[in-house]
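In: Quick one: sequence plus predicted model below, questions after.
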There are 4 protein chains.
Amino acid sequence: MIHFDCDYMEGAHPQVMQRLVETNLEQSVGYGEDEYTKQAQEMIRQACGCPDALVRFLVGGTQTNATVIDGLLHQYEGILAAETGHINNLEAGAVESSGHKILIVPSHQGKVLANDVQRFLTEFYQNENHQHMVAPGALYISFPTEYGTLYTLKELEALSRVCRKNKIPLYLDGARLGYGLAASPDVTLRDIARLCDVFYIGGTKVGALFGEAIVTAKPELLPHFFTFVKQHGAMLAKGRLLGVQFATLFTDDLYLKISRHAVEMAMKLKQAMIDKGYTPFIDSPTNQQFFCIPHSEIKRLGTFSSFEIWAPFGTQQSVVRFVTSWSTREEDIDAFIRQL
Amino acid sequence: MIHFDCDYMEGAHPQVMQRLVETNLEQSVGYGEDEYTKQAQEMIRQACGCPDALVRFLVGGTQTNATVIDGLLHQYEGILAAETGHINNLEAGAVESSGHKILIVPSHQGKVLANDVQRFLTEFYQNENHQHMVAPGALYISFPTEYGTLYTLKELEALSRVCRKNKIPLYLDGARLGYGLAASPDVTLRDIARLCDVFYIGGTKVGALFGEAIVTAKPELLPHFFTFVKQHGAMLAKGRLLGVQFATLFTDDLYLKISRHAVEMAMKLKQAMIDKGYTPFIDSPTNQQFFCIPHSEIKRLGTFSSFEIWAPFGTQQSVVRFVTSWSTREEDIDAFIRQL
Amino acid sequence: MIHFDCDYMEGAHPQVMQRLVETNLEQSVGYGEDEYTKQAQEMIRQACGCPDALVRFLVGGTQTNATVIDGLLHQYEGILAAETGHINNLEAGAVESSGHKILIVPSHQGKVLANDVQRFLTEFYQNENHQHMVAPGALYISFPTEYGTLYTLKELEALSRVCRKNKIPLYLDGARLGYGLAASPDVTLRDIARLCDVFYIGGTKVGALFGEAIVTAKPELLPHFFTFVKQHGAMLAKGRLLGVQFATLFTDDLYLKISRHAVEMAMKLKQAMIDKGYTPFIDSPTNQQFFCIPHSEIKRLGTFSSFEIWAPFGTQQSVVRFVTSWSTREEDIDAFIRQL
Amino acid sequence: MIHFDCDYMEGAHPQVMQRLVETNLEQSVGYGEDEYTKQAQEMIRQACGCPDALVRFLVGGTQTNATVIDGLLHQYEGILAAETGHINNLEAGAVESSGHKILIVPSHQGKVLANDVQRFLTEFYQNENHQHMVAPGALYISFPTEYGTLYTLKELEALSRVCRKNKIPLYLDGARLGYGLAASPDVTLRDIARLCDVFYIGGTKVGALFGEAIVTAKPELLPHFFTFVKQHGAMLAKGRLLGVQFATLFTDDLYLKISRHAVEMAMKLKQAMIDKGYTPFIDSPTNQQFFCIPHSEIKRLGTFSSFEIWAPFGTQQSVVRFVTSWSTREEDIDAFIRQL
């Protein structure tokens, strides 16, 4: 059985694991005040070209989204997001649980366009009843999106411009940031750091046991963030576990190297499926691939591989998701292709 | 200037005001434990045909919706509602503020259909990721809807059936309940009380200075409701003010009598506008009337009347809302028609 | 039966009621944008000597406390208060319900002393773990306190100084502000407005049907307060009802005149009880009087008067509270004294 | 420098680490649905003597407390706890952040006594205003307490009895449960499981990299807990990391063995300090030891060891905390003693 269910089926990249083992019995202070954490923070600041950025490590993605969004918003504010946004569907209402409404803007294959954001804001403030409504306080996007698509640099610049013009922070969910950067023809980590107000570098799905690195060049957006993280139950006691992992991932470009591998594996799988006549549901350049497949075929594919049924597509087909990761072995891709 | 802005521009119906004056210097205990409140509760139980119903009086509509919905739901649950639902647009995120997501079902001129609710629930529980999602915990509808439309008895019965089959309470927002009952060809207050699990009888817009009467034949759905109301800041110290008002409104059928008047005035206005060639945006049988009107015409109408610009309609027209109420004078309707 | 249970047993002062009747059928816009509200806001600004103050009217006390405190605090902050503070005991956890911890400072007969506040703040920031703790974000006091006691001008100045030095707003709960001002030898409304950052002028217990006037000379402390109030379910649709009432109370000094009457009645009652040998539990100069009374005596007093059993006092006595108000009639006080 | 700062300075026990390494590249489904998690759940059910218990693994202590407590309580309820309770002081208001007040009962060296709980409940329901107050909905205790003290079996039975009689769940915070069980003369894990309604077995401080195991023999107390955990941002994607760790800790009694070692080290340190004339602040039988030490001595001890300054003790001394753990080496204890 070859698994394409998701990108978090294994533990950590062997180099990450090795560093955790090597440092296991060292003693350090807790809560991210240790030297490994400081080192990782510094490495990320350098990689982002933001020498003064605030960098904080949390454990998981839903936790990170809920904590950052709650930190960015006033209580009377909500967050703009595509209907397809992860926070809107698969995070069990964590954003609403901390009191904030998600304000829906159109989704274009998972992406939000600057024009739609500006239109929302213009219409909102033109509405004579807007004081009775939740004020748009920030914008949420993901890179790659939930459909594996990517913003072009130009699209990202336009979003950044519209957010800054309207004085709402732009927050980017980078749960799979590595896979996005590895696949993008033009967007770099420094672009992300320059154009977004807050974002996170996903570790859980890209080589770490767990962990997400929040980065902001505007630390004033997240005041008293230590206490805030603790209040959200998102503070890891042995904070150095996060520091060790991210320091390893940001040594010798490991984070991007392993991301590139995942994307190559996805491209190979994608091409093979297209060659075999399968229809992509969406043209994704990253490690998530979506195909529309008849139910009988799904059954057959399921005899030698596992994947996620994403959504119904008419009555005879479903959208199916295949996910590769840093740990996908080329021999497994080859074996899968042989059985296609 | 003839005002059709909304149905809460005046104080209370004169008979209500008179009773408040007559009882003003009487002394009574607070928080709704007084005799007037008990009398009003009993009158409402009778009118609803629910001798054991829990009846509680709150001050305003947003407050009532937020308090009841928070009371009905577990924390991991959200509430189903039409996108047009008042709770989704014009209550400043009060529902989300208490931690609950609003789960959108299709709106049919403001109404929710039973089939759509069943489809949502079926698809939700079929989704293999549903444990990562906000569980649908109740259904919100309004009668009349935000567009002045009404459920037929059959539609309401279908909604009730689907909710009971799926074990989620049906909650009806009756901010303008009187106007709905006055206009409906087949739905009575007893039907509402029988088919809904919780609802409220709106006073603010129908003859009271303020006040909404929550009614449920299933008090176990709102345990410790006194404390809950207090915690939501929704407890009126001089609770008897609510009791006196509702007791008056439920004496000699006053609530329905004044509602019928408002609907008659609305029908007269509607017919006159149609006769003059204005196009209804929606066919509303109640006290809210919506028309699509060119901007130049809006300007002219605005010279002798006031109303609300509801929404843009293309680039040359807007949807405009005219509202009558218990206090609308026929002479004003006539004067308005003369100037049309 | 002569009632001393509380100061909200009747409706409104007759002049307030008369104005509500006179204006009842006038038409005005909702939500506090009407002329009566503007007039009342202006009168209160003048009375406070704060020409630029933000003045907003809410319906009740718990609602006002919860809304203002939530507005003043960041989410990671709590509010300092005496253990005896109303928000800590009798508001059903409304403050915690919006996410904020109450941080206890010592109570001196209901009062908080500046030295204790400074000590709390100093020890808090000296604690090396303070980032793991709720940060003190504001101070709550009441005037009069829950025990009827009053701050001297000097005490209030010291509290104001310590709050400003430490950059935390001072919030004063004035549910019974009139009775406090009427009884105080040195504190005026202008002092309150000058020394507190936010406070409210209680109407519910001092002549209004309902209503509390929030005042702050620093509107930036409560940004987007309209939306915030709406979100808390605290927005009255017919906002002018609050404007009419407060405009009446602030005409010809009515608010203070009726407050003085209540205090005079309380002093007469207090002196008579002391003369009869009853022991005050606390020396209150305002409209609430507390006595320690043996249970047998309580029973006897209960045959001709009603009052609240406040707390046990040993096993044979209880603390009992007698409350007068603007509506207390001297003939009732005399009748009560005769039967003592 | 010999470190006694806390019991989470290292990573995981070597056997735990080894199992994480061995299983690192295995593939498994996420969110705790994997085989390792199932195995660990079964081992814990067996160890607890509760074949039908719900066992769920979360990442950290504050997160676990906040999630469980929010799950146990209705929104109008608060949780009883000692003033010294960890949730009341060092969890950044996480409990209040989810809307619940902490109701304080007396602390006896960190412990709560059954009589005090009964007294609180009795007085609460006797209070005629109790509907205006936060209802006591559960009891929080810790074992060992924040002062290292332990409940006797008899005390625990009394607490259990009073909670069941009053129908409020008893929740035990077992952040250091191993150290408590290792030190207790009479309380076993089965006793805890039998007497408490919900509790957690702390991993972070007792051999794991991170992780806490929530156990309840009454799963109906935490309905829809999967969604609830996700909503609280407390769901680990690679859930099997928790399963692997707890399965290792519950193999061959490892959890208790390493706990016993920590307690032995603590006892040796304690005796040596007493022999040297240091004064215990409290008589703790577990891995946390508190001493009152003059400031000059603290300085000297600080030249060769690190520890936490717990609290001031008069003006010349402070209470100092020394903590041992599973990883404390006897040679370090000996070296410390030599330098005392």
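Out: Nice, thanks for sending it over.
In: for chain C, what are the nearby residues on the stretch 1-150 of chain A?
Out: Within the stretch 1-150 of chain A, the positions lying close to chain C (Cβ under 8 Å from any Cβ of the partner chain) are A:70, A:74, A:75, A:76, A:99, A:131, A:132, A:133, A:134, A:135. Just so you know, the C-beta spots here come from the backbone N, C-alpha and C atoms, and that holds for glycine as well.
In: what's near enough to touch the fifth one?
Out: Residues touching residue A:99, when contacts are defined by Cβ atoms under 8 Å, 6 or more residues apart in numbering or on different chains, comprise A:70, A:75, B:93, B:96, B:97, B:98, B:99, C:99.
In: Report the separation between it and residue A:63.
Out: To residue A:63, residue A:99 is 16 Å away according to Cβ to Cβ, to the nearest Å.
In: Please apply the same query to residue A:322.
Out: Relative to residue A:63, and taking Cβ to Cβ, residue A:322 is found at 27 Å.
In: quick one on the thing from earlier: from the contacts of residue A:99, which land in helices?
Out: In this view, the contacts of residue A:99 that belong to helices under DSSP state H are A:70, B:96, B:97.
In: In a markdown table: these, plus distance to chain D and neighbour count.
Out: Formatted as a markdown table, these follow (distance: Cβ to the nearest Cβ, whole Å; neighbours: other Cβ atoms under 10 Å in any protein chain shown):
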| residue | distance to chain D | neighbour count |
| --- | --- | --- |
| A:70 | 10 | 22 |
| B:96 | 13 | 27 |
| B:97 | 11 | 25 |
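In: ok, residue A:172 - contacts?
Out: Counting by Cβ under 8 Å, 6+ apart, the residues that residue A:172 touches are A:141, A:142, A:143, A:192, A:196, A:198, A:199, A:200.
In: Ok, residue A:272 next?
Out: Residue A:272 neighbours (Cβ under 8 Å, 6+ apart): A:333, A:336, A:337, A:340.
In: Please spell out which residues along the helix or strand hosting it are buried.
Out: Using DSSP states H and E, residue A:272 sits in helix A:254-275. For helix A:254-275, the neighbour count (16 or more other Cβ atoms under 10 Å in any protein chain shown) marks A:254-256, A:258-270, A:272-273 as buried.
In: Same list, the residues of the stretch 1-150 of chain A next to chain C, but as CSV with pLDDT please.
Out: Output for the residues of the stretch 1-150 of chain A next to chain C, formatted as CSV (pLDDT from 0 to 100):
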residue, pLDDT
A:70, 98
A:74, 97
A:75, 96
A:76, 96
A:99, 97
A:131, 97
A:132, 98
A:133, 98
A:134, 98
A:135, 97
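In: Chain A: helices as residue ranges?
Out: A:14-22, A:35-48, A:61-72, A:86-89, A:94-97, A:114-126, A:153-165, A:177-183, A:189-195, A:225-231, A:240-249, A:254-275, A:295-301, A:330-339.
In: In a markdown table, list those along with distance to residue B:210.
Out: Shown next, in a markdown table, are the helices of chain A (distance: least, Cβ to Cβ, whole Å):
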| stretch | distance to residue B:210 |
| --- | --- |
| helix A:14-22 | 62 |
| helix A:35-48 | 54 |
| helix A:61-72 | 33 |
| helix A:86-89 | 36 |
| helix A:94-97 | 29 |
| helix A:114-126 | 29 |
| helix A:153-165 | 40 |
| helix A:177-183 | 52 |
| helix A:189-195 | 49 |
| helix A:225-231 | 37 |
| helix A:240-249 | 53 |
| helix A:254-275 | 59 |
| helix A:295-301 | 57 |
| helix A:330-339 | 67 |
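In: closest one to residue B:125 among these?
Out: helix A:86-89 (15.2 Å; Cβ to Cβ).
In: check contacts around residue A:325.
Out: So residue A:325 contacts A:7, A:8, A:9, A:10, A:205, A:206, A:262, A:287 (Cβ under 8 Å, 6+ apart).
In: Please read the previous query as pertaining to residue A:330.
Out: Contacts of residue A:330 by Cβ under 8 Å, 6+ apart are A:265, A:268.
In: Residue A:259 versus that one, what's the distance?
Out: Distance from residue A:330 to residue A:259, by Cβ to Cβ: 15 Å.
In: How about residue A:112?
Out: 23 Å.
In: now swap in residue A:337 and tell me
Out: In terms of Cβ to Cβ, residue A:337 sits 22 Å off from residue A:259.
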